[in-house]
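A.B. asks: Task: produce atomic coordinates for the following.
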Amino acid sequence: MSAALQDVRFSILDRSRVRQGQGHPEALRETVEFGRLAEQWGYHRFWVSEHHSVPGVAGSAPTVLAAGVAAATEHIRIGTGGVMLPNHQPLVVAEQFGVLESLYPGRIDMGLGRSVGFTGGVRRALGHDKDDADDFDAQLTELLGYFAGGRDGVHAWPAEGLRIPAFLLATGSGAARAAAFGLPLVIAAIAGEGAMIEAIERYRTEFRSGPWGEQPYVMVSTSVVIADSAAQARRLLMPEAWSAAYSRTKGEFPQLISPEQIEREPMTERQRGIFEESMRGHIHGTEETVLPELEGLIARTGADEILVHTSTFDRTARLESHRRLAAAAGLGRATGATVQPTGSNSSSRASSAA
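C.D. replies: Got it, this is the predicted structure:
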């Protein structure tokens, strides 16, 4: 194994995707079980996400779900990837993370984003609109301030005085914002690797050390799939790619369906184009091909940590992919635990981030 892999942490982001024929409660229970397995395999963190009114995603309340995962595990760090701050009052967010850190001290991460609801109806139901994202800097300042002390006589107990690692998810100007606030950066190559590397370089150049971070810390989020062959791994990517094509043309994120059903589904020319585009950019194949690709990504970005996010219809194959990645990367007790499906379908270079 190369030094590049040994010098970075590996973590997991799970979006609690719902598969066709499955209920939302089952998807949430699978997330909790996934967190337990991730701990056994040696991953550093396990994060959950926030989505509202999405049929294909069960994770709508990340701090609540994080509490469930933390209760089922012992030492892995648990966090959010992320809480979408424009959807919430900063006081309430501070209180929620204060409760989590008080119950599970030294294990909680506060990942924050600035996305708003997917549709106008969702935004209205949340009591917000697209313009609320423009107030993100003020919201972030208020949130972080509650951990240092009261504001206008208001105290976010039990958060006050706690030092919970905070991370900023980069979208648009997110990298520059993370640098200005002195926060660890979480970034994905959504707009292409060139734009991602440019944003990371700007982040490192403009980083201002402070109480939330003494030095830049970069977590690169990417999709990784390991299977017995490249063809099998590529097939596992199909359900998420189809979901992206459906959502961008129908305005709704659907439940995941099997590759066999996707092959029977008629697609418009636009849907086919989105589907093929969504199939690109993933790291997939066998261990022999995946590890060099990861090493290359780490070398190009200087990543301190890799945040793996992967969704597919075959739950057992997805879990096995994460187990094989952990074993190949030499994480903790990676080789000791085997996948036990419960559903209906089958050291770091930077010390600023805990």
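
A.B. asks: Show me where the stretch 51-200 of the chain has its strands.
C.D. replies: 77-80, 83-84, 108-113, 166-169, 185-188 (DSSP state E, counting those that start in this stretch).

A.B. asks: what lines up beside the longest one in the sheet?
C.D. replies: Partners of strand 108-113 in the sheet, by DSSP bridges, are strand 77-80 (parallel), strand 83-84 (parallel), strand 166-169 (parallel).

A.B. asks: ditto for the last one
C.D. replies: The strands beside strand 185-188 in its sheet (DSSP bridges) come out as strand 166-169 (parallel), strand 218-222 (parallel).

A.B. asks: in the helix or strand following the last one, what's buried?
C.D. replies: Along the chain past strand 218-222, the next helix or strand (assigned with DSSP states H and E) turns out to be strand 224-226. By 16 or more other CB atoms under 10 Å, the buried positions in strand 224-226 come out as V224, V225, I226. C-betas here are computed from N, CA, C, even on glycine.

A.B. asks: which ones are touching the residue nearest the centre of the chain?
C.D. replies: Nearest to the geometric centre of the chain sits L13, at 3.5 Å (CA atoms, centre = their mean). Residues in contact with L13, defined by CB atoms under 8 Å, 6 or more residues apart in numbering, are W47, V48, S49, G81, S221, L307, V308, H309.

A.B. asks: try 10 Å this time
C.D. replies: 45-49, 79-82, 111, 186, 188, 219, 221, 223, 307-310 (CB atoms under 10 Å, 6 or more residues apart in numbering).

A.B. asks: Doesn't it belong to a helix?
C.D. replies: No. Using DSSP: H, G, I helix; E, B strand; the rest coil, the secondary structure at L13 is strand, not a helix.

A.B. asks: how near is it to R123?
C.D. replies: 24 Å (CB to CB, to the nearest Å).

A.B. asks: Look up phi and psi at the closest residue to G59 other than its chain neighbours.
C.D. replies: Nearest-residue entry for G59: S16, 3.7 Å, with adjacent residues in sequence omitted and distances by CB to CB, 6 or more residues apart in numbering. Main-chain dihedrals, S16, degrees, to the nearest 10: phi 50, psi 50.

A.B. asks: Just the pLDDT at S16, thanks.
C.D. replies: The confidence metric pLDDT takes the value 95 at S16.

A.B. asks: Now stretch 305-317 - C-alpha only, CSV.
C.D. replies: Below are the C-alpha coordinates for stretch 305-317, written out as CSV (Å, rounded to 0.1, in the frame of the first residue of the first chain):
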residue,chain,number,x,y,z
GLU,A,305,-9.5,12.8,4.1
ILE,A,306,-11.7,10.9,1.6
LEU,A,307,-15.4,11.0,2.2
VAL,A,308,-17.0,8.1,0.4
HIS,A,309,-20.6,8.3,-0.8
THR,A,310,-22.1,5.5,-2.8
SER,A,311,-25.7,4.5,-3.5
THR,A,312,-27.0,1.5,-5.4
PHE,A,313,-30.0,-0.8,-5.4
ASP,A,314,-28.2,-3.8,-4.2
ARG,A,315,-27.6,-3.1,-0.6
THR,A,316,-25.4,-6.1,0.1
ALA,A,317,-23.1,-5.3,-2.8
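
A.B. asks: in it, what's buried?
C.D. replies: Within stretch 305-317, the residues scored as buried using 16+ other CB under 10 Å are E305, I306, L307, V308, H309, T310, S311, T312, F313, D314, R315, A317.

A.B. asks: Next: stretch 173-190.
C.D. replies: Buried, per 16+ other CB under 10 Å, within stretch 173-190: 174-189.

A.B. asks: Quick check: the two most widely separated of the residues you listed?
C.D. replies: Using CB to CB, those span at most 23.7 Å, a distance reached by G182 and A189.

A.B. asks: Let me know the outermost residue of the chain.
C.D. replies: Max radial position in the chain (CA atoms, centre = their mean) goes to G153, at 34.6 Å.

A.B. asks: before we move on, back to that, need the worst-confidence member of the buried residues of stretch 173-190.
C.D. replies: Lowest confidence among the buried residues of stretch 173-190: A189, with 68.

A.B. asks: Appreciated, that's everything.
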